[in-house]
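> When you get a sec, could you give me coordinates for this:
(one chain, ligands or ions: 1)
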Amino acid sequence: MEEFKNVNSVIERVLITEDEIKAKVTEIGAKISDEYRGREPLMLCILSGSFMFASDLMRAITIPVGISFIYASSYGDSSISSGDVDIRTGKGGLDVRDRDVIIVEDIVDTGRTLTAVKKYLADKGAKSVEICSFLDKPERRVFPLEVKYMCFDIPNEFVVGYGLDYAYKYRQLPFVGVLKPEIYTK
Ligand code: IMP
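The predicted structure is shown next:
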């Protein structure tokens, strides 16, 4: 990747600013803290896209909370959703038995990834499973899904930044921007 001092060469427009993200993540963190008071939920961060959101969200939660990570992907190197969902845990697996799990995701698109992850957690004996997603593209939904905590609904455009990538690039942008279509059509 070339060093991009000029983000305008890849970003068509900024959709969500850094300040808007901070305010919303603080609000969702407070809501989760209220609704899970007296319990110790487990945040399950879906790698790789949600690492930045999960890290900020965790600091906005004021009750005891744990964090684990799994890798789940239905995308590979493309901007078009492909078939299966690949779910992997770290060495030693993932113990969610009797835990209140909050899945932390970067974006819900067709809903395929989270439908697969929810089933995986239910099969592993989680006590409850809720979804917290940074972004949602409701127009694109194929697998109906209840998303309890949602930061921003966005239109059907391909976005990058704040952890979201295109072909493993642009995750470090502190805002969410619409990627110029020529970047993924060339
Ligand atoms: P789903 O399984 O179709 O819901 O896809 C969810 C996954 O697709 C997310 O975790 C992202 O990795 C990826 N994705 C969907 N839309 C975008 C986008 O606009 N930018 C970057 N990644 C996206």
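> list the helices and strands the helix or strand hosting D34 packs on?
Per DSSP states H and E: D34 is located in helix 18-35. Contacts defined by 3 or more CB pairs under 8 Å, 6 or more residues apart in numbering; DSSP states H and E place helix 18-35 against helix 51-60, strand 149-153. Quick note: C-beta positions are derived from backbone N, CA and C, even for glycine.
> wait, which of the ones you listed is closest to D165?
Evaluated over the helices and strands packed on helix 18-35, closeness to D165 peaks at helix 51-60, with 10.9 Å, by CB to CB.
> Neighbouring strands - and their directions - for the next helix or strand after the closest one?
Downstream of helix 51-60, the first helix or strand assigned by DSSP H and E is strand 66-73. Sheet pairing here is set by DSSP bridges, and for strand 66-73 it gives strand 42-47 (parallel), strand 86-89 (antiparallel).
> Return the most buried member of these.
Greatest average neighbour count among those goes to strand 42-47 (a mean of 22), per mean count of other CB atoms under 10 Å.
> what comes into contact with it?
Residues from elsewhere that reach strand 42-47, judged by CB atoms under 8 Å, 6 or more residues apart in numbering: 51, 54, 57-58, 61, 65-72, 94, 96, 99-106, 113, 117, 121, 132.
> same question, stretch 6-16
4, 152, 154, 157, 159-162, 170, 173, 175-181, 183.
> now these: which count as buried?
Using 16 or more other CB atoms under 10 Å as the burial test, the contacts of stretch 6-16 include 152, 154, 159-162, 170, 173, 175-180, 183 as buried.
> follow-up on the earlier one: need the buried ones from the contacts of strand 42-47 selected in PyMOL.
Per 16+ other CB under 10 Å, the buried members of the contacts of strand 42-47 correspond to this PyMOL selection:
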select buried, resi 51+54+57+58+61+65+67+69+70+72+94+96+99+100+101+102+103+104+105+106+113+117+121+132
